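Trainee: no FASTA, just this:
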């Protein structure tokens, strides 16, 4: 088993698609257990028996439509009109806009590409220090995955539900649990922006609030403004299930962007559709094969064995959490968030629960850690996207993101060691 | 694509045919997505406002998730856009990169071929047992996408590996 695992890891590092790596592991595992290999296919087929998965193609398509239209521009204009007047206001605009956009589109570098192109020049023009701009945009690219209806949160719920835990967790619980940890991250970045703004003495450039600009910005975005409130309201109030909200989201976004604003011509629509479905196919096939591998690792009681091995060295929950932080930070640099979820969550949840960690809290700290991994030097994905997008050397990005890294690392530690911050809304 | 470089005189019709096939594939994918959006939203409206809805609506939507996922994976294979870890690949020399691309593509093709074979067996089993999916749709029809998608992916991967290998000489 160890030799075959090493071969698979080697192939994965050489660039073998992760779905094939996981499928090979599942096929090999079922084979050694002398189970008919058709069982692997039956597990993949279970993609058709998990209702909430409908939300994945729908939200992804809606996110791509939003990214392709001028919605990011309008979002920035509205937030700027209302928040631009106070010191650090424009930076706060960037933070809020990125968080909102990522929550709706899933963290995949889309935020940096769609919003960074608008915000980076704007920040520069307002005389913010250049390193600060680069660092802010890069680290905000993964901000917001703790807020509903982000796909990583949904996927964590789906994967955890496959484990048939004694205390089942719902996706609505995760949506509630993410609110305060997410707000904590926003608050810390906002405070830092105000400090930097004051220190760089740029206060004179802040424009006073203009009622007229507020009115114009609102009028321009009038079709999109009510939508986040309606969507979040209907999910948090329990009026609609997640997949139902996703269906209405797509219809609304489609009508508004294609027919009302007319910003996506038909030819572009074909391309956007295909791009979004390539992303969906990539995620769903990994999820499908991981249903099979999860089944196998539970069958051979791998989580229990892992727990016993770890317990020999670590018996306190806090020490385990510290180790988990380090481990997830490393993983977050190497793996994208979706693969990390389907590969690690089935192993981690039972182990963490044996240490008395609530599965909802584990989900939030898992995602918070992964979010940090997106811009952890040397190989965090968003560092490369930003380096490419803004044509800056990668070393400059390491330096620029460092203060943001330590600030958000602080929040991740708070989220990790203060479970109530995530859990108190659930009680 | 590289087809025209290697095929000589006979290639324009072949690559045209291929392009037509790819467009058809993209079109089907889009069609499926739009069917999903329409059905899902009308189910929501009927359920919440009219207290009705198609009894076959929800099972069909779940089935569409599987079909859309696998078709999306087919297209991702075609465009070489599956989710991978490429940290190590970035530091290899171009020659080693090409070598590892050939090896990993063939390994992936092998996995897909196994999955295609066992899905075909599953379809045959469902056909024999006359299982019903929903309404009057037999279960084996819903499963058809599995052997189809995995076979197409196998072919594509072998083709890409051969192209990669030929590009070397």
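Mentor: Cool, got the structure. Remember, predicted model here, so these are calculated numbers, not experimental data. Numbering: from 1, shown residues only, chains lettered A, B, ... in the order given.

Trainee: Now do the contacts for the residue nearest the centre of chain B.
Mentor: Most central in chain B under CA atoms, centre = their mean is residue B:74, positioned 2.4 Å from the mean C-alpha point. Counting by CB atoms under 8 Å, 6 or more residues apart in numbering or on different chains, residue B:74 makes contact with A:281, B:25, B:149, B:152, B:153, B:156. In this view, the C-beta of every residue, glycine as well, is placed from N, C-alpha and C.

Trainee: Same question for it, what's its three-state structure.
Mentor: Following DSSP: H, G, I helix; E, B strand; the rest coil, residue B:74 is assigned to helix.

Trainee: Do you know the pLDDT at it?
Mentor: pLDDT for residue B:74: 97.

Trainee: Could you do the one 4 residues further on as well?
Mentor: Confidence at residue B:78, expressed as pLDDT, is 96.

Trainee: Equivalent analysis for residue A:200, please.
Mentor: 79.

Trainee: That one - how many residues pack around it?
Mentor: 13 (other CB atoms under 10 Å in any protein chain shown).

Trainee: what does residue A:215 give?
Mentor: Neighbour count for residue A:215, taken as other CB under 10 Å: 11.

Trainee: Report the helix or strand with the lowest average pLDDT across the chain.
Mentor: Looking at chain A here, since you left the chain open. helix A:110-111 (a mean of 76; mean pLDDT, DSSP states H and E).

Trainee: what about it, near chain B?
Mentor: No: judged by CB under 8 Å from any CB of the partner chain, helix A:110-111 makes no contact with chain B; its nearest approach is 14.6 Å.

Trainee: now for the helix or strand just after that helix, which elements pack on it?
Mentor: Of the helices and strands lying after helix A:110-111 in sequence (DSSP states H and E), the nearest is helix A:117-125. Contacts defined by 3 or more CB pairs under 8 Å, 6 or more residues apart in numbering or on different chains; DSSP states H and E place helix A:117-125 against helix A:71-83, helix A:89-105, helix A:130-140.

Trainee: name the helices or strands packed onto the helix or strand following the shortest one?
Mentor: Just to be clear, that refers to helix A:130-140. Per DSSP H and E, the first helix or strand lying C-terminal to helix A:130-140 is helix A:151-161. Applying 3+ CB pairs under 8 Å, 6+ apart, we find helix A:151-161 packed against helix A:55-68, helix A:171-177, helix A:266-299, helix A:337-354, helix A:359-373.

Trainee: Out of those helices, which is closest to chain B?
Mentor: Of all the helices and strands packed on helix A:151-161, it is helix A:266-299 that lies closest to chain B, at 2.0 Å by CB to the nearest CB.

Trainee: Next, the angle from the closest one to helix A:151-161.
Mentor: 30 degrees (axes from the mean of the first three to the mean of the last three CA atoms, to 10 degrees).

Trainee: what's helix A:266-299 packed up against?
Mentor: Helices and strands touching helix A:266-299, by 3+ CB pairs under 8 Å, 6+ apart, are helix A:18-32, helix A:38-45, helix A:55-68, helix A:151-161, helix A:337-354, helix B:11-49, helix B:57-78.

Trainee: What average pLDDT does the second one get?
Mentor: Model confidence over helix A:38-45 averages 95 on the pLDDT scale.

Trainee: Residues in contact with that helix: which ones?
Mentor: Where contact means CB under 8 Å, 6+ apart, the residues beyond helix A:38-45 that reach it are A:23, A:26-27, A:30, A:288-289, A:291-292, A:295, B:66, B:115, B:118-119, B:121-122, B:125, B:143, B:146.

Trainee: Also the fourth one?
Mentor: Residues outside helix A:151-161 that contact it (CB under 8 Å, 6+ apart): A:50, A:52-53, A:55-56, A:59-60, A:106-107, A:145-146, A:168-171, A:174-175, A:178, A:242, A:283, A:287, A:290, A:294, A:337-338, A:341-342, A:345-346, A:349, A:359, A:363, A:366-367, A:370.

Trainee: and it, which residues are buried?
Mentor: Going by neighbour count (16 or more other CB atoms under 10 Å in any protein chain shown), the buried part of helix A:151-161 is A:151, A:152, A:153, A:154, A:155, A:156, A:157, A:158, A:159, A:160.

Trainee: Next: the longest one.
Mentor: By neighbour count, with 16+ other CB under 10 Å as the criterion, the buried positions of helix B:11-49 are B:15, B:25-26, B:29-30, B:32-33, B:36-37, B:39-41, B:43-45, B:47.

Trainee: Same list, the helices and strands packed on helix A:151-161, but as JSON lines with mean pLDDT please.
Mentor: Formatted as JSON lines, the helices and strands packed on helix A:151-161 follow (pLDDT from 0 to 100):
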{"stretch": "helix A:55-68", "mean pLDDT": "90"}
{"stretch": "helix A:171-177", "mean pLDDT": "92"}
{"stretch": "helix A:266-299", "mean pLDDT": "91"}
{"stretch": "helix A:337-354", "mean pLDDT": "91"}
{"stretch": "helix A:359-373", "mean pLDDT": "94"}
